[in-house]
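Colleague: Sequence plus predicted model, see below.
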Amino acid sequence: MRPHSSIGLTVAPVLAAEAFLSEAARQAELSLDHWLPSATAAPARLHQAMRYSVMAGGKRLRPALVLAACRACLGADVLCAPALAAVELLHTYTLVHDDLPAMDDDDLRRGRPTCHKAFDEATAILAGDALQTLAFQACAAISAEAVTTLALAAGSLGVVGGQQEDLDAEGQPHGDDAADLLVRIHRGKTAALIRASVELGALAAGAAPAVRQALVAYGEAIGLAFQVADDCLDATASAAELGKTPGKDAAQGKLTYVALFGLDGARARAKHLLDEALEALVPLGPHAEQLRVLARFVVERTR
């Protein structure tokens, strides 16, 4: 992996984001291939299900955030290679389990059948379990602090807790605390892992505490902005554009930004969160340009 570089400021934002995401995806997939067992290693069906789910494509946004944060802290790409795999392995486990009949009951993910449809429900559960533990194995190659960072993002105070609260709120009437509940759900379910991604990039680069703090604020804002944009896309995009089933949030009575604030209100909140994220990056100067590019992409994407 080559040392860090930066995308020129004159490149159109969407093209800059796509170019950087493609670069980050290539590096992430090399690292993922290194950490994932071979599809022929016993038990082969389990390893095939793991690879099927991880190597299905996707934006690879979380590895891109790791890489951009590492570069913003003047770290060489090779330092964060294990973290590129760790965040994508952890993210894919959450998708495999979220798609299960007991959760969101989805048939389509990244444009093809979900893991439990392509294999079976029991294998999908085990594949998710194995991907989660492998994520921590990869993270341990960075430091014990990196493992703790990922664990806090993944557990009951992060992704898993956010999923539980999301399920609990499904089909319930919107009370006076609905806005606070919505933020709490997605601070755990979505923002926690995005925040951890930039933290891991900073840890890999050996960043100073003040820099890490700025990146945590960025990650929190952009993580919530990602979910607001996702809610908008679920309400407006097609299955072909999303690579998953659209309109399910409304059909299942989920608490979303669009349900609570309307489409225009949700888009306004995404723009406000984008401004917060960009403000957090000011202390990092021009070295954080790739993070700025990703922040704008998160809010302005069409899939």
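Modeller: That came in fine, so what should we check first?
Colleague: Can I get the helix or strand hosting Ala295 in CSV? Just the C-alpha atoms.
Modeller: Element membership for Ala295 (DSSP states H and E) is helix 289-300. Taking Å, rounded to 0.1, in the frame of the first residue of the first chain, the C-alpha atoms of helix 289-300 are listed here in CSV:
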residue,chain,number,x,y,z
GLU,A,289,-9.8,17.2,2.6
GLN,A,290,-10.7,13.6,1.9
LEU,A,291,-12.8,13.5,5.0
ARG,A,292,-14.6,16.7,3.7
VAL,A,293,-15.2,15.0,0.4
LEU,A,294,-16.7,12.0,2.1
ALA,A,295,-18.9,14.1,4.3
ARG,A,296,-20.5,15.9,1.3
PHE,A,297,-20.9,12.5,-0.4
VAL,A,298,-22.8,11.1,2.5
VAL,A,299,-25.4,13.8,2.4
GLU,A,300,-25.6,14.3,-1.4
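Colleague: Residues touching that helix, excluding its own?
Modeller: When contacts are defined by CB atoms under 8 Å, 6 or more residues apart in numbering, helix 289-300 is touched by residues 6-7, 9, 13-14, 16-18, 20-21, 61, 64-65, 67-69, 71-72, 198, 215, 218, 222, 225-226, 228-229, 270-271, 273-274, 277-278, 281, 284. The C-beta positions use only the backbone N, C-alpha and C, and glycine is treated the same way.
Colleague: ok, now with 6 Å
Modeller: Around helix 289-300, the neighbours that count as contacts under CB atoms under 6 Å, 6 or more residues apart in numbering are 6-7, 13, 16-17, 20, 68, 72, 222, 225-226, 229, 270, 274, 277, 281.
Colleague: what's the answer for stretch 66-82, then?
Modeller: Contact with stretch 66-82 is made by 1, 3-4, 24, 31, 83-84, 87, 138, 141-142, 197-198, 200-202, 204-205, 207, 211, 215, 284, 287-288, 290-291, 294, as judged by CB under 6 Å, 6+ apart.
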